[in-house]
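*Asks:* please work out how this folds:
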Amino acid sequence: MRIHLALLPVALAIGCRDTTAPLPATAFVRLGAGGFHTCAVRASGDTFCWGDDGFTQLGRGVGTFDSSLVPALVVGGHRFVRVDGGDTYTCGLEADGRAYCWGLGMMTADEQGAQYNPSPVAVAGGLVFSALGASLGRTCALISSGITYCWPGPNSYLPEQVGGSVRLAKLGNGDNGTCGVTSAGAAYCSGDNNFGELGNPAGTDATSPVYPFVAVAGGLTWDTVAMGNLHVCGIAIGGAVYCWGDNAVGEIGADTSVRWSGSPVPLPGGLRFRRISTGSHHTCGLTTGGDAYCWGYNYFGQLGAPTTELCYGLGTPTAVPCSHVPVRVAGNQRFVTIDAGDFHTCGLTVSGEVWCWGSNLRGQLGDGTLSDRAVPTPISSSSTSPAPTLARGAATRGVATRQPAWAFARWQHAKYRSSEGNFAY
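*Replies:* Prediction:
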């Protein structure tokens, strides 16, 4: 989905560690959480994915459509410097700027239909990219000049320029639009504005004819932004976080009496952040001191710690766990990066370990089980190929008891898109 998250140019993405000490080949150095799956790149250059494979988004080379409960090797021998997961597909960026995607076929090249690609396929058009981000049904990327391309594009399934003449230095791709920051620190967004996610109270949808970028209000100078489902959060110069858009379960850090905000709202608590990532209805970040915090929806434990606050904003018959104030993620792990999926979160430690928490409905936590985790849990050290799998529709007790949550998660997306529209070309 994206969800997707704050995306950095390749040069910055490579240098995400706080240490220059060499890591073993089995250590992970890059991380990308998708809707219900997760991927990571090892120091050896190999890419592994785990979780939902219902659209072959794990890249195992065969269309088994089974979930993998532990890391599975992505075929093709590619050496990605960036990997990011959408809901039904995954994309990776090589050091030379070539992009590859796998999973639902219409997200990869010029295919006129929903074909499956269980192996990485080169993105059509011959463009060289410097940053890339996947989301619910669309990938966007920057070329070296800062121009944004997305696919499917406004008029075809090929990458097409969007955003007009605005040139971005950093990109944050979301389910219903795209945001980014220029080299001068100005933030822009494009796409739907049903809940103020463009960050401009006077703005309407920025979707036609070429999805122009709209300047985020407030006069702040930004370091980076991350766009989720219907909300956006960004780090201003100095480390303060501001969010805007939908606040159904506190995902922008405002009291839930504030249903949504069309302009940036300061995150309570006075923390200073250096990294931020947005999920479907939650947000996570790393402070300048190295601590991980999350806020928003916590039904599946995706905030990484128990919460007592309850929210009603998702239209459910009963209140759901949430927190509109940042909650420190449990445990003593020191993360160098953090990435939020739809309803789960993963972090990458200094030593190259991946820890995940939240929903594990399709094995996206990678610990070999289907159990949700309310606190960080290390992924399995097993990385066999083929990996342990969960067949789609398998009549196991675990699947039967978790199916309502899976349906609920998908219903949330369908509800918003049927009633409020979708950022779709």
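*Asks:* from what I can see residue 228 touches residue 284, true?
*Replies:* No - Residue 228 is beyond contact range of residue 284, at 10.5 Å (criterion: Cβ atoms under 8 Å). The C-beta positions use only the backbone N, C-alpha and C, and glycine is treated the same way.
*Asks:* quick check: neighbours shared by these two?
*Replies:* Residues within reach of residue 228 and of residue 284 at once, by Cβ atoms under 8 Å, 6 or more residues apart in numbering, are residue 340.
*Asks:* contact partners for residue 339?
*Replies:* Residue 339 makes contact with 4, 5, 31, 32, 33, 38, 277, 345, 346, 347, 348, according to Cβ under 8 Å, 6+ apart.
*Asks:* what comes into contact with the strand of greatest length in the chain?
*Replies:* Counting residues, the longest strand found in the chain (DSSP state E) is strand 320-328. For strand 320-328, contacts defined as Cβ under 8 Å, 6+ apart pick out 247, 249-250, 253-256, 267-269, 271, 285, 291-299, 303-305, 307, 309-312, 314.
*Asks:* list the pairing partners of the helix or strand hosting residue 265 within its sheet, with orientation.
*Replies:* Taking DSSP states H and E as the criterion, the element that holds residue 265 is strand 260-266. As defined by DSSP bridges, the strand partners of strand 260-266 come to strand 241-246 (antiparallel).
*Asks:* let's see the partner strand as CSV, backbone CA atoms only.
*Replies:* Taking Å, rounded to 0.1, in the frame of the first residue of the first chain, the C-alpha atoms of strand 241-246 are listed here in CSV:
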residue,chain,number,x,y,z
VAL,A,241,6.2,16.2,13.1
TYR,A,242,3.1,17.6,11.6
CYS,A,243,0.2,15.6,10.1
TRP,A,244,-3.0,16.3,8.1
GLY,A,245,-5.9,14.5,6.5
ASP,A,246,-8.1,11.8,8.0
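*Asks:* ok, back up a step: report the buried residues of the longest strand of the chain.
*Replies:* By 16 or more other Cβ atoms under 10 Å, the buried positions in strand 320-328 come out as 320, 321, 322, 323, 324, 326, 327.
*Asks:* which one of the residues you listed is nearest residue 210?
*Replies:* Ranked by distance to residue 210 (Cβ to Cβ), the buried residues of strand 320-328 are led by residue 324 at 35.9 Å.
*Asks:* how about the nearest residue to that closest one, chain neighbours excluded?
*Replies:* Nearest non-adjacent residue to residue 324, counting by Cβ to Cβ, 6 or more residues apart in numbering: residue 250, 3.0 Å away.
*Asks:* in the stretch 51-200 of the chain, which spans are strands?
*Replies:* Assigned by DSSP state E, counting those that start in this stretch, the strands in the stretch 51-200 of the chain fall at 67-73, 80-85, 89-94, 99-104, 116-122, 129-134, 139-143, 148-151, 160-162, 170-173, 177-181, 187-191.
*Asks:* where in this protein is pLDDT low?
*Replies:* Residue ranges of the chain with pLDDT under 70: 1-21, 105-114, 203, 208-209, 383-425.
*Asks:* related to what we said a few turns ago, dump the strands of the stretch 51-200 of the chain into TSV; add mean neighbour count and distance to residue 24 as well.
*Replies:* Output for the strands of the stretch 51-200 of the chain, formatted as TSV (neighbours: other Cβ atoms under 10 Å; distance: least, Cβ to Cβ, whole Å):
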stretch	mean neighbour count	distance to residue 24
strand 67-73	26	15
strand 80-85	27	19
strand 89-94	27	22
strand 99-104	27	26
strand 116-122	19	25
strand 129-134	28	27
strand 139-143	25	31
strand 148-151	24	36
strand 160-162	20	41
strand 170-173	30	30
strand 177-181	29	34
strand 187-191	28	38
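*Asks:* so which of the ones you listed gets nearest residue 48?
*Replies:* Smallest distance to residue 48 across those (Cβ to Cβ): 3.7 Å, for strand 67-73.
*Asks:* ok, residue 373 - contacts?
*Replies:* 301, 356, 357, 358, 360, 365, 367.
*Asks:* give me that answer again for 10 Å
*Replies:* 300-302, 304, 344-345, 355-360, 365, 367 (Cβ atoms under 10 Å, 6 or more residues apart in numbering).
*Asks:* what residues of the strand holding residue 265 count as buried?
*Replies:* Of all the residues in strand 260-266, those buried under the rule 16+ other Cβ under 10 Å are 260, 261, 262, 263, 264, 265.
*Asks:* could you list the residues in contact with it?
*Replies:* Residues outside strand 260-266 that contact it (Cβ under 10 Å, 6+ apart): 187, 193-203, 216-220, 222, 225, 230-234, 236, 240-248, 252-255, 258, 313.
*Asks:* now those residues: which count as buried?
*Replies:* 187, 193-200, 203, 216-218, 220, 222, 225, 230-234, 236, 240-248, 252-254, 313.
*Asks:* tell me the bridge partners for residue 190.
*Replies:* On the basis of DSSP bridges, residue 190 is bridged to residue 178.
*Asks:* ok, it - contacts?
*Replies:* Contacts of residue 190 (Cβ under 10 Å, 6+ apart): 140, 148, 150, 162-164, 166, 176-180, 198, 205-207, 210-214, 227, 423.
*Asks:* hmm, try it at 8 Å
*Replies:* Applying Cβ under 8 Å, 6+ apart, the residues contacting residue 190 are 162, 163, 177, 178, 179, 198, 206, 207, 211, 212, 213, 214.
*Asks:* just give me the closest of those to residue 103.
*Replies:* Nearest to residue 103, judged by Cβ to Cβ, of those is residue 178 at 19.7 Å.
*Asks:* doesn't residue 166 make contact with the closest one?
*Replies:* No - in this structure residue 178 lies outside contact range of residue 166 using Cβ under 8 Å: 10.6 Å.
*Asks:* okay, and the common contacts of these two?
*Replies:* residue 148.
*Asks:* straight-line length of stretch 231-244, end to end?
*Replies:* In stretch 231-244, first residue to last residue: 6 Å (Cα to Cα, to the nearest Å).
*Asks:* likewise for stretch 235-248?
*Replies:* Taking Cα to Cα, the first and last residues of stretch 235-248 lie 21 Å apart.
*Asks:* off-centre distance for that stretch?
*Replies:* Once both centres are worked out by Cα atoms, centre = their mean, to the nearest Å, stretch 235-248 turns out to sit 16 Å from its chain's centre.
*Asks:* before we move on, the earlier item: hmm, which two among the buried residues of strand 320-328 are most spread apart?
*Replies:* Farthest pair in the buried residues of strand 320-328 (Cβ to Cβ) is 320 and 326. Separation: 18.2 Å.
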